[in-house]
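Asker: curious how this folds, go ahead:
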Amino acid sequence: MPDLLIELFSEEIPARMQARAAEDLRHRICAGLEEAGLTFGPAQAFATPRRLALSVIGLDAASPTTHEERRGPRIDAPEKAIEGFLRGAGVAREDLQLRDDKKGQVYVAQITRQGRPAADIVAEVLAQTVQNFPWPKSMRWGGGSLRWVRPLHRILCILSESETVKLVPVELEGVSCGDTTEGHRFMAPDEFSVVNIEDYTAKLMQSYVILDPEERAEKIETAAQALSTEAGMDLVADPGLLREVAGLVEWPVALIGEIGADFLDLPPEVLQSSMREHQKF
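Answerer: Numbering: from 1, shown residues only. As a prediction, the model looks like this:
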């Protein structure tokens, strides 16, 4: 059973939108896969300023072939009713069977739906998800009609099992799909390919990107606490600001600085509000 890895790589996603976007990606992809008849194991979504990522473990290689019996109208029903039944069932009139009913004979359709490869289903579900993603605000760029929160550069989408990696072919208005991504915008901007979620996470870490927002927040808090203790000060807990700052950087580094006394004449509440709201300190 292959594992699925998706990354949607774009320009910077506003920090306040990242957590909801990651959950929307997980929910919509998983719902689409389930609706197509695929089963799978744990699914986990992540967000950084420049990427949404989803890992789905143990996905079926293909959807099952299903058989359904659908009861239709009576044989003396209006022609339009019979034609509507044929369209809905996706069968021809000669494929219908007759069956006795309490009020006379009725048409019955035997419907067989062939299974489909997981790659085809993933490509379809992912395209629909991207095209209809519920961003609070989105934009168009260039001459296309695709909308995303910021310009979407590339899509990474692979199915991996043991040593085998299968690219899932998805292309939306020139946004190419493959097995490559890139690291930190300034510290490690080169592209690299990945083969599974473990390889993806490890190579991002080597390229100065911490994928998990909780891990970034923990790193910020731990480092800030250490700097405060070393300076003989108390760190003011601010979970909301911590989450926001964790969504502003892919490789957080805590620093401690000093503001000149000439700028400290304002009331403390004004200074603290300005630093928190505008400077994210």
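Asker: what about the strands in the stretch 151-281 of the chain?
Answerer: For the stretch 151-281 of the chain, the strands defined by DSSP state E, counting those that start in this stretch cover 152-161, 164-167, 177-178, 180-182, 191-193.
Asker: which residues does the first one contact?
Answerer: Going back to what we said before, that points to strand 152-161. With contacts defined as Cβ atoms under 8 Å, 6 or more residues apart in numbering, strand 152-161 is touched by 1-11, 59, 118-119, 122-123, 126, 130, 146, 165-168, 170, 172, 175-181, 194-196, 200. C-beta here means a position set from N, CA and C on the backbone, and glycine is covered the same way.
Asker: R28 - how many residues pack around it?
Answerer: A total of 19 residues lie near R28 under the criterion other Cβ atoms under 10 Å.
Asker: helices of the stretch 151-281 of the chain, start to end?
Answerer: Listed in chain order, the helices of the stretch 151-281 of the chain (DSSP state H, counting those that start in this stretch) span 197-206, 213-230, 239-246, 268-277.
Asker: tell me which of those helices approaches A45 most closely.
Answerer: Counting by Cβ to Cβ, A45 lies closest to helix 213-230 out of the helices of the stretch 151-281 of the chain; the figure is 10.3 Å.
Asker: gap between the closest one and the chain center?
Answerer: 27 Å (Cα atoms, centre = their mean, to the nearest Å).
Asker: what residues of that helix count as buried?
Answerer: Neighbour-count burial for helix 213-230 flags P213, R216, A217, K219, I220, E221, A224 (criterion: 16 or more other Cβ atoms under 10 Å).
Asker: what's the answer for stretch 242-255, then?
Answerer: L242, R243, E244, V245, A246, G247, V249, E250, W251, P252.
Asker: which residue, other than its chain neighbours, is closest to the second one?
Answerer: Here the nearest residue to R243 in space, its sequence neighbours aside, is A217; by Cβ to Cβ, 6 or more residues apart in numbering that works out to 6.3 Å.
Asker: show me the contacts for that neighbour.
Answerer: The contact partners of A217, taken as Cβ under 8 Å, 6+ apart, are L242, R243, V245, A246.
Asker: before we move on, what about A47?
Answerer: Contact analysis of A47 by Cβ under 8 Å, 6+ apart lists I13, Q18, A19, A21, A22, A53, P213, G247.
Asker: give me that answer again for 10 Å
Answerer: A47 makes contacts with 8, 13, 15, 17-23, 25, 53, 211-213, 246-247, as judged by Cβ atoms under 10 Å, 6 or more residues apart in numbering.
Asker: list the helices and strands the longest helix seen in the chain packs on?
Answerer: What stands out as the longest helix in the chain, according to DSSP state H, is helix 15-35. Contact here means 3 or more Cβ pairs under 10 Å, 6 or more residues apart in numbering; DSSP states H and E; on that basis helix 15-35 packs against strand 3-10, strand 43-48, strand 51-56, helix 118-131, helix 213-230, helix 239-246.
Asker: redo the ones you listed as JSON lines? Include mean pLDDT and distance to E68.
Answerer: Formatted as JSON lines, the helices and strands packed on helix 15-35 follow (pLDDT from 0 to 100; distance: least, Cβ to Cβ, whole Å):
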{"stretch": "strand 3-10", "mean pLDDT": "97", "distance to E68": "27"}
{"stretch": "strand 43-48", "mean pLDDT": "98", "distance to E68": "28"}
{"stretch": "strand 51-56", "mean pLDDT": "98", "distance to E68": "27"}
{"stretch": "helix 118-131", "mean pLDDT": "95", "distance to E68": "19"}
{"stretch": "helix 213-230", "mean pLDDT": "97", "distance to E68": "43"}
{"stretch": "helix 239-246", "mean pLDDT": "95", "distance to E68": "47"}
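Asker: follow-up on the earlier one: ok, and which of the strands of the stretch 151-281 of the chain has the densest surroundings?
Answerer: Stretch with highest mean neighbour count among the strands of the stretch 151-281 of the chain: strand 152-161 (a mean of 20; mean count of other Cβ atoms under 10 Å).
Asker: next, format the contacts of A217 as CSV and append distance to I111.
Answerer: Shown next, in CSV, are the contacts of A217 (distance: Cβ to Cβ, whole Å):
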residue, distance to I111
L242, 54
R243, 49
V245, 54
A246, 50
